[in-house]
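Peer 1: Turn this into a structure:
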Amino acid sequence: MDIEQKQEEIIDHFVKQASSLEGSALGSLVVEATSHPSLFAFSEILAVPNVLQLEGTETSVNLDVLRLFSQGTWSDYKSDASRLPQLVPDQVLKLKQLTVLTLAETNKVLPYDQLMQELDVINVRELEDFLINECMYAGIVRGKLDQLRKCFEVQFAAGRDPRPGQLGSMIHTLSNWLDTSNNLLISIQEKMKWADTMTELAKEHKKEVEDRVEEVKKSSSHKKFHTVTRPTLTSGGTRRFTPNLVE
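Peer 2: As a prediction, this is how the structure comes out:
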């Protein structure tokens, strides 16, 4: 089962749970969802009316935690840690995984120095272990660890929930892709039309050649030949008449 299909089932489970809970009872659900090892998207849980109703209440911090995991990074948490609840180890791991995904969105070559700073990792060995065991084995990224250049080359990264302002950029990118695809399709169709035309011309030329050959064969078969005798002198000075076929 791929990561997208697995997430759909998990999201559906938490959405149903959130729809049946209210107020402070949602706190435990938020911790469970943000700690789940296979869940990396939270926008659908955030859209549940019961969750949105936490805004402005005494338990609104649970909504803030969900938003952090939906769109934020480990650095965002550190800058707002005094206001947010302390994260459990599984939440810390999850948020650092999500941080790698965020970095991979904009750059496919991630320097080790940048990753260590963003993830609070103290050495290269710890960083590489994290990328291998917690990211690549989890299926959220694929890539190559380049120890010589001290960077992580991203080949694939799972998508995160879109952030405010990202939707317009995504629409623009998709529109450009659609325009390019349409232009490519028109070009392919024109080349196919040209190829069809050339094929028809080749068939017509072949037919003309075959017809011409057939005409020549028929003409040759109707030619009449007659015999003409022409005199030749022998060594003895006498004449000898030799028949020749003449058209």
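Peer 1: wait, what's in contact with Ser19?
Peer 2: Going by Cβ atoms under 8 Å, 6 or more residues apart in numbering, Ser19 touches Val48, Pro49, Asn50. Every residue, glycine included, has its C-beta placed from N, CA and C.
Peer 1: Secondary structure class of the residue nearest to the spatial centre of the chain, three-state.
Peer 2: The centre of the chain sits closest to Phe156, judged by Cα atoms, centre = their mean, with a distance of 9.3 Å. Phe156 carries the three-state label strand when classified by DSSP: H, G, I helix; E, B strand; the rest coil.
Peer 1: Can you tell me the closest non-neighbouring residue to it?
Peer 2: Arg142 (4.2 Å; Cβ to Cβ, 6 or more residues apart in numbering).
Peer 1: pretty sure that neighbour is touching Gln155, no?
Peer 2: Yes. The criterion here is Cβ atoms under 8 Å, and Arg142 meets it with Gln155 at 4.7 Å.
Peer 1: dump the residue contacts of Met116.
Peer 2: Contacts of Met116 (Cβ under 8 Å, 6+ apart): Ile122, Asn123, Val124, Leu127.
Peer 1: With pLDDT, secondary structure and neighbour count added, can I get those residues in TSV?
Peer 2: Formatted as TSV, those follow (pLDDT from 0 to 100; DSSP: H, G, I helix; E, B strand; the rest coil; neighbours: other Cβ atoms under 10 Å):
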residue	pLDDT	secondary structure	neighbour count
Ile122	93	coil	9
Asn123	95	coil	10
Val124	96	helix	15
Leu127	98	helix	19
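Peer 1: Relative to Ser175, how far out is the nearest residue to Lys94 once chain neighbours are set aside?
Peer 2: In this structure, Lys94 finds its nearest non-sequential neighbour in Thr34, 6.0 Å apart by Cβ to Cβ, 6+ apart. Counting by Cβ to Cβ, to the nearest Å, the separation of Thr34 from Ser175 is 34 Å.
Peer 1: Give the helix, strand or coil label for Glu126.
Peer 2: Of the three states, Glu126 takes helix under three-state DSSP.
Peer 1: How much space separates it from Leu98?
Peer 2: 18 Å.
Peer 1: which of those two has more neighbours?
Peer 2: Leu98 (25 against 13; other Cβ atoms under 10 Å).
Peer 1: sorry, back to before: does the residue nearest to the centre of the chain really touch Gly143, like I thought?
Peer 2: Yes. Assessed by Cβ under 8 Å, Phe156 is found in contact with Gly143 at 7.4 Å.
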